[in-house]
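Peer 1: how does the following fold in three dimensions:
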Amino acid sequence: MPPVNRNEPVRAKSSESRYTLMEFMREFPDDATCLDWLWRNRYSADGEHADCPICQRQTKFKRYGTSQQRQSWTCTSCGHHIHPTAGTIFHKSSTSLHLWFYGMYLMTSTRCGISGKQLEREIGVTYKTAWRMFNQIRGALVAEAMGSALDGTVEIDETWIGGKPRYRAGGPQPARRKDGTRRPGRRTREESPNKKPVIGMVERGGQVRVFAVDNVGQGVAIPLVANYVLPSAIVYTDSANAYDSLVSKGYAHQRIHHEAKVYVDGDVHTNTIEGFWSLVKRGIDGVYHAVSAKHLQGYLSEYAWRYNHRHDARTQFETLLLRTVGR
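Peer 2: So this is what the prediction gives:
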């Protein structure tokens, strides 16, 4: 019987996990290993030599023990200090690096997200601290989630995210059924002040772009398509009026008519982007319960980022770590 390698991760063959909690704890057991990772990935590949801006050459750096527990390395030639956390989301944070890294591990190990309250319970910080940590991490993902233009076959659709307020006397009239009778206690999504319109576009087999917008009219939708979809793409949408001018803009555009209860017509459908909407809405409803319009784009970017990196060769945790240090 061959000897058991205690360093090898134990994982069921049917498991989809690529990076387990045990592997995270073995790789980043404390603050020192997290800080050393930042130092090596930002400044010093070998852990000893880095480019000194004062000496203007590569010199040897050493980390000296101080009573202040300073998170810096010092040039042995001129005494210049380099702080690995400077300019990152960890800069001037009193929360330990180990907790920051664990929070990022949790964010990348789930498909539906993790709430600030859950992070508070997991790592023992206040809710205010947990929420700030996640907000900082999401901020690092927003720009990447916008990304480059899409090509190939692109599906575009809009949705509304938010609550379903009840009808109040003197307020907007509630929605009506097809037979003209009133649907008790409901407003249409356009009538609801708490609903936020969102436009999404996805390249089949590729990436998604998603935007919280003020409305879904042509004045908003068409410029977004022009910025994030290449003219060579084949665009599929539903029959919304917002996309009427796509052909005149040079796009190959086909529609699927949901109002006629047609959802697939050969290759023409918007099921891919609607599947993404389902993932977002189930995640928000089940994990966060409610998201304010002010912060909605950050949450959308988090879901889009995970979706866009679902097929990466390296783990999402490693990709997120590298993203936070500008790589």
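
Peer 1: what is Thr59 paired to in the beta sheet?
Peer 2: Beta bridges link Thr59 to Ala50 when assigned by DSSP bridges.

Peer 1: got a list of what it touches?
Peer 2: With C-beta atoms under 8 Å, 6 or more residues apart in numbering as the criterion, the residues that contact Thr59 are 49-50, 52, 75-78. All C-beta spots, glycine's among them, are computed from the backbone N, C-alpha and C.

Peer 1: which single one of the residues you listed is nearest to Tyr243?
Peer 2: Nearest to Tyr243 among the contacts of Thr59, counting by C-beta to C-beta, is Ala50 at 51.9 Å.

Peer 1: how close does the closest one sit to Phe28?
Peer 2: From Ala50 over to Phe28 the distance is 22 Å, taken as C-beta to C-beta, to the nearest Å.

Peer 1: pLDDT weak spots in the protein?
Peer 2: Low-confidence segments of the chain (pLDDT under 70): 1-10, 65-70, 143-145, 163-193.

Peer 1: coming back round to it: which member of the contacts of Thr59 is positioned nearest Pro197?
Peer 2: Using C-beta to C-beta, those come closest to Pro197 at Ala50, 47.9 Å.

Peer 1: correct me, but that closest one touches Arg57?
Peer 2: No. Contact between Ala50 and Arg57 fails when scored by C-beta atoms under 8 Å: they sit 10.4 Å apart.

Peer 1: which of the two has more neighbours?
Peer 2: Each of Ala50 and Arg57 has its neighbours counted (other C-beta atoms under 10 Å); Ala50 has more, 21 against 9.

Peer 1: show the contacting residues for the more buried one.
Peer 2: Ala50 sits next to 43-44, 58-59, 61, 73, 82 when contact means C-beta under 8 Å, 6+ apart.

Peer 1: for Ile156, same thing?
Peer 2: Residues in contact with Ile156 (C-beta under 8 Å, 6+ apart) are 199-201, 221, 225, 229, 235-237, 243, 270, 273.

Peer 1: how about those residues in TSV, adding neighbour count and secondary structure?
Peer 2: Putting the contacts of Ile156 into TSV (neighbours: other C-beta atoms under 10 Å; DSSP: H, G, I helix; E, B strand; the rest coil) gives the following:
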residue	neighbour count	secondary structure
Ile199	22	strand
Gly200	23	strand
Met201	25	strand
Ala221	26	helix
Val225	27	helix
Val229	23	strand
Val235	22	strand
Tyr236	25	strand
Thr237	25	strand
Tyr243	24	helix
Thr270	21	coil
Ile273	25	helix
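
Peer 1: distance to Lys117 for those residues - can I get that in CSV?
Peer 2: Shown next, in CSV, are those (distance: C-beta to C-beta, whole Å):
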residue, distance to Lys117
Ile199, 30
Gly200, 27
Met201, 32
Ala221, 35
Val225, 37
Val229, 38
Val235, 40
Tyr236, 39
Thr237, 38
Tyr243, 39
Thr270, 34
Ile273, 30
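
Peer 1: going by distance to Glu16, which of those residues wins?
Peer 2: For the contacts of Ile156, the nearest to Glu16 is Ile273 (23.3 Å; C-beta to C-beta).

Peer 1: quickly note the distance from the closest one to Cys55.
Peer 2: Plainly put, Ile273 is 53 Å away from Cys55 if you go by C-beta to C-beta.

Peer 1: wait, isn't Ala149 in contact with Leu224?
Peer 2: No. With contact defined as C-beta under 8 Å, Ala149 does not reach Leu224; the gap is 11.0 Å.

Peer 1: quick one: the strands in the stretch 201-327 of the chain?
Peer 2: Along the stretch 201-327 of the chain, counting by DSSP state E, counting those that start in this stretch, strands occupy 208-212, 234-237, 252-255.

Peer 1: quick one: the spatially closest residue to Ser44 that is not a sequence neighbour from His81, how far?
Peer 2: In space, and not counting its chain neighbours, Ser44 is closest to Ala50: 4.2 Å by C-beta to C-beta, 6 or more residues apart in numbering. Per C-beta to C-beta, Ala50 is found 11 Å from His81.

Peer 1: which residues are common contacts for the two?
Peer 2: Shared contacts of Ala50 and His81 (C-beta under 8 Å, 6+ apart): Trp73.

Peer 1: separation between the nearest residue to Leu106 once chain neighbours are set aside and Gly103?
Peer 2: Sequence neighbours aside, Ile114 is the residue nearest to Leu106 in space, at 5.0 Å (criterion: C-beta to C-beta, 6+ apart). Separation of Ile114 from Gly103 (C-beta to C-beta): 8 Å.

Peer 1: so what sits against both of those two?
Peer 2: Contact with both Ile114 and Gly103 is made by residues Phe134, according to C-beta under 8 Å, 6+ apart.

Peer 1: more neighbours: which of these two?
Peer 2: Gly103 (23 against 20).

Peer 1: my guess is the more buried one meets Phe134, correct?
Peer 2: Yes. Using C-beta under 8 Å, Gly103 is in contact with Phe134, at 7.0 Å.
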